[in-house]
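Undergrad: Mind folding the following:
(chains A and B)
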Amino acid sequence: MAEETKAAPETVRCTIDGMEVDVPKGTRILDAAAMAGIDIPHYCYHPELSAPAQCRMCLVEVEKAPKLVPACTGQVADGNVILTQSENALKAREAVLEFYLVNHPLDCPVCDQSGECKLQDYVAAEGPAMGRLREPKRVLGRDDFGGDVLFYADRCVMCTRCVRFMREVAQDERLAVVQRGHRAVIDTFFAEGLEGSLWADNIVDLCPVGALVSKDFLHKARAWDLDRTPSVCPNCAQGCNVRLEVRDDQVMRLKPRPNPEVNAHWMCDYGRLNYEWINRGGRIEAPLVREGDRLVPRSWSDALTRLAAALRDAPAGGARAVVSPFMANEDLGLLRRVLEAVGGGSGVFRCETAAEEAPLPGFPTLALRRDRAANVQGAELLGYARAGGADAQGGLEEAAFFGGALFVLGDELRDAGEDFGRSAGLFVYLGHFLSPAARNAHFVLPATTFAEMEGSFTNLQRRVQRFWPALRAPGMARPAWQILGVLLAGVSDGAVPLATAADAFALLGRVRPEFGALSWAELGQQGAPLPSFAEPHPER
Amino acid sequence: MAYPYRHPSEVRLISEYFGDPEARTLAGWEARGGYQAIRKALGMDRAAVVQEVKDSGLRGRGGAGFPTGMKWGFMPKKEPGKPHYLVCNADESEPGTFKDRELMRWTPHALVEGCLLGAYAIHAEHAYIYVRGEFFEAAQVMARAIEEAYAAGYCGKDVFGSGVDIDVTLHLGAGAYICGEETGLLNSLEGRRGEPRIKPPYPAIAGAFRKPTAVNNVESLIAANHVVLNGAAWYKQWGTEKSTGTKLFCVSGHVKLPGNYELPMGFNFKEFIYDVCGGTPSGRPVKAVIPGGSSVPILTGDELDIGMDYEAMAAAGTMLGCGSVIVMDDTTNVVKQVRRMVDFYAHESCGQCTPCREGTAWAARILRRLENGRGHPDDLDTLLEISDNMTGKTICVLSDAAAAPIVSSIEKFRGDYLALIREPALAGAPR
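TA: Coordinates of the predicted model:
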């Protein structure tokens, strides 16, 4: 019927390289192609930044359009026939790549970006087979941008992502393009450059080539030698999604992993550069059992059998715990269960706390949080109370001279007195380093750090996020949840040792019902928020 | 001979008072019939002013030849509280062009009037005149004229007692060719880097300060005064059907009488060079002519029997551009001239788009090597391919402009290139 009114179509249909794709109106061609599984090469476009359409790399052919269209700013119209592999499009891309190579130094063998460089990738895939340049290249040299950032001007492809990040996201305009034409170069305004910027290292991630490199990572490892493991930044309560990039069992750098709910594509320099403690040596490598005034190394089965026996005739006076907010939800939850099994008791944690948080202006969901530990929220939810000062010291008075069963999980006890735990009926130390106070324990059990195990943290937004093992555990060290699972089976009827982190996570619901609403598999690599506290748990 | 040279074929509408210092003052200008067009326009409906200019067929004199009235017609309906802007593009930087400079130097009040008229037509409260940074004298003269116009109540609040407010502001560029590209100009005017914007949106929708804006050339605005004052039909008595009125042509290079000439559109190009401009000073034959500024394809001395209008030039494979004619006799080393032009574009590329940023500089380096006698037989193919890869691939047309002389010179003067490659010393390359 002619009178039938048609609502404006919400979606438009286009054909990309012969594939029909339905996309919402206003979708960029580049994104529509990505939905169809087609990667359109590009440099200047980044989903979190404005699109200047200046690299001219993403030009595609749109049938009936007079010229090639930049896929980053061109929007899909209904009925568009888009060709990313047509002769014209391929020729345009090859031409742009050849233009880049006019001045790009091709110093890949000594370039940090080599192996993860978009110029390398695209030239290898679609670039000209032979160079035609007979002229000498332009040479601009290097510049120290301050902070962690070093600039190799000759490698720059002038995509201006760095300038736009500082302007639009960090909202701290410290970079600009100066000069014009092929003399154009990225530069800082003042002598201090990027010094003092909390977010500057993100421009190293954004740089598609090796123009902006991290001084910290400079010449430390080749990209293809790194093993990359999804993880969570441990350095504050924000819980930025990261990758631990590891070579020879050492974390070489942290890189942000995109998560729109937590950190978008970014992370702060404090978290990024604060990783060397993960590689620290001198770890406890075997279970140690007190025999007289000596700590004697024992096998796991021997140590845990003795400990279970000691726990079964638990000393009078109940139990107490000191935990570290760098331990996983599973560790903290299992300890809570063990504490309950031996008569119940309170627990505390200590956390370094800064005076202020530092949000990222262009994405305020992300901030360097006041609490400088990954699992403060998890510790609180699982029944541990904050103790001590903002420097993560003190607050051990009650535990130090406690007469019952004393558990320390992860806290290094660096500031504890020499007689810490001496009056305890039973002192169990689960941790990483044998400090003088830990030497007073009856049982010293080597635990893994978050980088060596599977587990999860709960961030400030009460979002539970998983991490995976990136490093080998030192010696005989095991995840604390595994050790505690064995103990739990030894002291309480019906409990069986835990085989996987998923099993450990499944037990958390009995400590805090909110955790019961989440399934380990569904957490995936992006995590999931705990349900609202007002909602009663369905099983209770 | 007194400045400027005059030729009987000329029709002087807008250049009548070139060389007349009296015309620079407000009193002198009014004695010569100035500020009549705006007075008439203020008594007309705004739409009628636009219609008159549309009817006249006046085409933008900045180079692209887009009809001025149609451009004004694209402005959206005025909404209260949403400003419109008129921006006069006086960033005349095309090599070989010096018409707007002379218009501003000798008839500054004509431009003030043109700005008022254009602003009134498009409902703008503010007109900016963006003058090229190097035009110190022209800018001084303009500044004085604007001051006089304000003092007389012709600018600012309630112009000519009409109740209409129109401010006119002079803005001096900082010396970048790319700021003559209208969106680059707008960025520069706003205090940003002079980099052309992606279009759409066009300035009529989001121009200066992201508000509706019309950007017009100096000569277009001044010509519009005459159109409104005397009517479209009067203006159309000159020129051809599609290229109406008169146009200023600036001639430089190997001619006896270089300078500005105002001629009806469609005037014969050969007659212009040999008769109006007196031919080459040496009497030697003309080898090559750039008819519309350095961005347009070159013509050989044999291709000159055409009309000086948009259509005839297009039919000859080139463009009228902004009417800047550069004449070269047969002593000219075309390769050197092209290299010089491409050097200019390499220097003036804003550096946003890869094909332009890298392509202009690369082509310039190849041309310099050729010029110095170290060419290679492959170089011409490489140059043509670079040019092709630079054409139609970028945000603005600077890289197309840089490619045009390379392509047309290789097409028409291939012999010059080959001589430099094969016999560099004989072809004049330095030893």
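Undergrad: show me the contacts for residue 266.
TA: With no chain named, the answer covers chain A. For residue A:266, the contact set (CB atoms under 8 Å, 6 or more residues apart in numbering or on different chains) comprises A:48, A:169, A:199, A:202, A:240, A:256, A:360, A:363, A:366. (Glycine included, C-beta is placed from N, CA and C.)
Undergrad: Let me rephrase: I mean chain B.
TA: By CB under 8 Å, 6+ apart, residue B:266 lies in contact with B:239, B:240, B:243, B:307, B:308, B:309, B:312.
Undergrad: For the stretch 251-400 of chain B, which residues are neighbours of chain A?
TA: With CB under 8 Å from any CB of the partner chain as the criterion, the stretch 251-400 of chain B meets chain A at residues B:346-355, B:357-362, B:365-366, B:369, B:376, B:378, B:382, B:385, B:389, B:392-395.
Undergrad: re the thing from before, now, among the contacts of residue A:266, which is nearest to residue A:263?
TA: Each of those was scored against residue A:263 by CB to CB, and residue A:240 proved nearest at 4.0 Å.
Undergrad: Give the burial count for that closest one, as a bare number.
TA: By the measure other CB atoms under 10 Å in any protein chain shown, the count of residues near residue A:240 is 27.
Undergrad: Okay, it and residue A:213: tell me how far apart.
TA: Separation of residue A:240 from residue A:213 (CB to CB, to the nearest Å) stands at 21 Å.
Undergrad: that older thread, can you tell me which two in the contacts of residue B:266 are farthest apart?
TA: Taking CB to CB, no two of those sit farther apart than B:239 and B:312, at 11.5 Å.
Undergrad: neighbour count winner among these two?
TA: Taking neighbours as other CB under 10 Å, residue B:239 and residue B:312 compare with residue B:239 leading, 26 against 20.
Undergrad: Quick check: that one touching residue B:246?
TA: Yes. Between residue B:239 and residue B:246 there is a contact at 7.1 Å, judged by CB atoms under 8 Å.
Undergrad: which residues are common contacts for these two?
TA: B:264, B:265.
Undergrad: Now do the strands in chain B.
TA: Applying DSSP state E to chain B gives strands spanning B:85-90, B:126-131, B:167-172, B:213-217, B:246-253, B:259-264, B:286-290, B:299-300, B:324-329.
Undergrad: Show the average pLDDT along the fifth one.
TA: Right, the one you point to is strand B:246-253. In this model, strand B:246-253 has an average pLDDT of 96.
Undergrad: list the helices and strands that strand packs on?
TA: Under the contact definition 3 or more CB pairs under 8 Å, 6 or more residues apart in numbering or on different chains; DSSP states H and E, strand B:246-253 sits against helix B:99-106, helix B:218-230, strand B:259-264, strand B:324-329.
Undergrad: Is it possible to get a markdown table of those that adds mean neighbour count, mean pLDDT and distance to residue B:428?
TA: Below are those laid out as a markdown table (neighbours: other CB atoms under 10 Å in any protein chain shown; pLDDT from 0 to 100; distance: least, CB to CB, whole Å):
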| stretch | mean neighbour count | mean pLDDT | distance to residue B:428 |
| --- | --- | --- | --- |
| helix B:99-106 | 24 | 96 | 33 |
| helix B:218-230 | 26 | 97 | 38 |
| strand B:259-264 | 23 | 96 | 30 |
| strand B:324-329 | 23 | 96 | 14 |
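Undergrad: how much space between the residue of the stretch 251-400 of chain A found nearest chain B and residue A:165?
TA: Proximity to chain B, evaluated over the stretch 251-400 of chain A using CB to the nearest CB, is greatest for residue A:362 at 19.0 Å. Counting by CB to CB, the gap from residue A:362 to residue A:165 is 8 Å.
Undergrad: now residue B:357
TA: Taken as CB to CB, the span from residue B:357 to residue A:165 is 21 Å.
Undergrad: neighbour count winner among those two?
TA: The residue with more neighbours, out of residue B:357 and residue A:165, is residue B:357; 29 against 26, by other CB under 10 Å.
Undergrad: List the residues that contact the spatially closest residue to the more buried one that is not a sequence neighbour.
TA: Spatially, and ignoring its direct neighbours in sequence, residue B:357 is nearest to residue B:351 (4.6 Å; CB to CB, 6 or more residues apart in numbering or on different chains). By CB under 8 Å, 6+ apart, the residues touching residue B:351 are A:158, A:177, A:179, A:180, A:181, A:182, A:183, A:184, B:357.
Undergrad: The residues you listed in helices, which ones?
TA: Counted as lying in helices by DSSP state H, out of the contacts of residue B:351, are residue B:357.
Undergrad: can you pick the most crowded of the contacts of residue B:351?
TA: residue B:357 (29 neighbours).
Undergrad: Give me the pLDDT for that residue.
TA: 97.
Undergrad: Run through the neighbouring helices and strands of the longest helix along chain A.
TA: Longest helix in chain A by number of residues, with DSSP H as the criterion: helix A:87-103. Helix A:87-103 is packed against strand A:59-62, helix A:118-126, helix B:354-371, helix B:379-390, with contacts defined by 3+ CB pairs under 8 Å, 6+ apart.
Undergrad: Looking at those, which is nearest to residue A:529?
TA: Ranking those by proximity to residue A:529 (CB to CB) places helix A:118-126 first, at 33.9 Å.
Undergrad: Go through that closest one and flag the buried ones.
TA: A:118, A:119, A:120, A:122, A:123, A:126 (16 or more other CB atoms under 10 Å in any protein chain shown).
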